[in-house]
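# got a structure for you, letters missing:
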C-alpha cells in the first residue's frame with residue numbers, strides 16, 4: 001500500500017526537482033547524433049495544498065507536457081516528482097494505480113474526452129469501477145451526487161454526451177475527475193474551448209468545488225487573463241523553461257521578465273478610453289529541438305544584451321517569493 005504523508009492546507013503537496021521531459025526527434029543509431037525535443041527542461045517548483053497555480057505561455061512551451069509528466073502519463077526523462085513525500089517516478093504498477101486516485105485531470109476538449117458510446121452515468125462511474133470503489137448501487141448514488149455537485153441533474157446520467165452542450169460536457173468531465181476523491185486536479189486548458197460566458201461559469205464552479213472539497217489545482221492556460229481570478233500563484237513558461245513565478249497579483253502588477261510583460265500587454269482592455277502600450281514580440285518561437293544558447297528568449301527580446309546570448313539565466317527569487325530567470329533583473 002502506498003504510504004503517503006498527511007498534508008494540511010498550506011503545506012507542500014507536490015514538489016518538482018529539475019524535471020525534464022525530452023522526446024527523440026530522430027532515430028540516429030549513435031547517441032551523439034540523436035536530437036531531442038526539450039518539451040520540459042529543468043523545472044523546479046513546489047505546490048501547496050489547497051492552492052491554485054496557474055501556468056501560462058504560448059502553444060508549444062511545454063505546459064501540457066509538464067501536466068502529463070506530473071500525472072506520469074508521460075515518463076520523466078530526468079528529475080524528481082515528489083507527491084506527499086513519495087517520489088512517484090519510480091513507483092511500481094500497483095502503487096501507481098493507487099496514486100491515480102490522488103491526481104486527476106480535466107481535459108481541454110469536452111467533445112473528444114468523453115466516449116460517445118457510453119452514457120454519462122457510465123463515464124462518471126468508470127473511474128470508481130477501475131478502483132473498486134463501492135457496490136453498483138453505491139456508485140449509482142455517487143454519480144447522481146456528482147452530477148448535482150457540478151450543476152447538472154441526476155437524470156442526466158442516462159443520456160449520452162452528444163445530447164449536451166460544450167459547457168455541460170465540461171461539467172461532466174469535472175464530475176468524472178471528482179469521482180475518485182482526488183486531492184490534486186490538473187486543469188489542462190479546461191476552459192479554452194468554451195465561449196467566454198461559459199468560461200466564467202466553469203471557473204466559478206472550479207472555485208466553488210475547491211472551497212467545498214479542499215482541492216488543489218494546476219490550471220494550464222494560454223493567456224494570463226484567464227488565470228488571473230482563479231490562481232494564487234502564476235507561473236510563465238517559455239520554450240520548456242519557467243521564466244517567472246509570483247504570488248497573487250505579482251505577475252500582473254510587477255512583471256519582471258520581458259516575455260511576461262508582452263503577454264500582459266496582449267490582455268484586452270475593457271475600458272475603450274484607456275490606452276495600453278503594446279509590446280509586440282518579433283520573430284517566431286525557436287525550435288525546441290535546437291533552442292538558442294544563453295537565454296532562450298533572447299532572439300525575441302527587445303532588451304537582450306551580450307550576456308543574454310552567452311549564458312543561461314538562473315531562475316531565482318528576487319524577493320517576496322517572486323522568481324524570475326533574466327540577467328537584466330537585478
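Sure thing, it's come through. What you are looking at is a predicted structure, and each value in this text was computed from that prediction instead of being measured. Numbering: from 1, shown residues only.
# what residues are up against residue 18?
By Cβ atoms under 8 Å, 6 or more residues apart in numbering, residue 18 lies in contact with 42, 43, 44, 78, 79, 80. In short, each C-beta sits where N, CA and C put it, glycine included.
# Tell me the strands beside the host helix or strand of residue 105, with direction?
If you go by DSSP states H and E, residue 105 is part of strand 103-106. Applying DSSP bridges, strand 103-106 is found paired with strand 184-188 (parallel).
# which residues in the stretch 201-330 of the chain form helices?
Per DSSP state H, counting those that start in this stretch, the stretch 201-330 of the chain carries helices over the ranges 224-227, 250-253, 258-265, 306-310.
# which one of these lies closest to residue 190?
Closest to residue 190 of the helices of the stretch 201-330 of the chain, according to Cβ to Cβ: helix 224-227, at 9.6 Å.
# What's the mean pLDDT across the closest one?
Summarised as a single mean, pLDDT over helix 224-227 is 86.
# So which elements touch that helix?
On a contact count with 3 or more Cβ pairs under 8 Å, 6 or more residues apart in numbering; DSSP states H and E, helix 224-227 meets strand 52-56, strand 233-238, helix 258-265.
# wait, which of the ones you listed is closest to residue 161?
The closest of these to residue 161 is strand 52-56. By Cβ to Cβ, the value is 27.2 Å.
# tell me the angle of that closest one relative to strand 233-238?
20 degrees (axes from the mean of the first three to the mean of the last three Cα atoms, to 10 degrees).
# quick one: contacts of strand 52-56?
Applying Cβ under 8 Å, 6+ apart, the contact partners of strand 52-56 are 45, 47, 63, 66-67, 210, 216-224, 227-228, 230-237, 263.
# which residues touch residue 95?
Taking Cβ under 8 Å, 6+ apart, we find residue 95 in contact with residue 2.
# Just confirm it is within a helix.
Yes - counting by DSSP: H, G, I helix; E, B strand; the rest coil, residue 95 is located in a helix.
# I'd like the distance between it and residue 88.
Distance of residue 95 to residue 88, given as Cβ to Cβ, to the nearest Å: 8 Å.
# do the same with residue 300
Distance of residue 300 to residue 88, given as Cβ to Cβ: 35 Å.
# More neighbours: these two, which one.
When residue 300 and residue 88 are compared for neighbours, residue 88 comes out ahead with 21 against 18, by other Cβ atoms under 10 Å.
# Identify the residues contacting the most centrally placed residue in the chain.
The residue lying closest to the centre of the chain (Cα atoms, centre = their mean) is residue 220, at 3.6 Å. Residues near residue 220 by Cβ under 8 Å, 6+ apart: 54, 55, 56, 63, 64, 67, 186, 187, 188, 189, 190.
# Can you give me the distance of it to residue 262?
Distance from residue 220 to residue 262, counting by Cβ to Cβ: 19 Å.
# cool, residue 289 as well?
Look at residue 289 and residue 262: by Cβ to Cβ, they are 24 Å apart.
# Compare the two and say which is more crowded by neighbours.
Neighbours per residue (other Cβ under 10 Å) separate residue 289 from residue 262, with residue 262 holding more: 18 against 13.
# Please work out how many residues are found near the closest residue to that one other than its chain neighbours.
Distance criterion Cβ to Cβ, 6 or more residues apart in numbering; nearest residue to residue 262, sequence neighbours excluded, is residue 279 at 4.4 Å. Counted with other Cβ under 10 Å, the neighbours of residue 279 add up to 15.
# Thought residue 261 was touching residue 279, still the case?
Yes - between residue 279 and residue 261 there is a contact under Cβ atoms under 8 Å: 5.6 Å.
# Need the residues that contact the helix or strand of the chain with the lowest mean pLDDT.
Ranked by mean pLDDT, DSSP states H and E, the helix or strand of the chain with the weakest confidence is helix 224-227, at a mean of 86. The list of residues contacting helix 224-227 from outside it, by Cβ under 8 Å, 6+ apart, reads 54-56, 191-192, 199, 203, 219, 221, 234, 236, 251-252, 260, 263-264, 267-268.
# Kindly supply the PyMOL command isolating those of those residues that are buried.
To isolate the buried ones among those in PyMOL, judged by 16 or more other Cβ atoms under 10 Å, type:
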select buried, resi 54+55+56+191+199+203+219+221+234+236+251+260+263+264
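# List the buried residues for stretch 125-133?
Residues of stretch 125-133 classed as buried by neighbour count (16+ other Cβ under 10 Å): 125, 127, 128, 133.
# Tell me which two of these sit farthest apart.
Longest distance between any two of these is 9.3 Å, between 125 and 133; criterion Cβ to Cβ.
# Mind listing the shared neighbours of the two?
Residues touching both residue 125 and residue 133 (Cβ under 8 Å, 6+ apart): residue 139.
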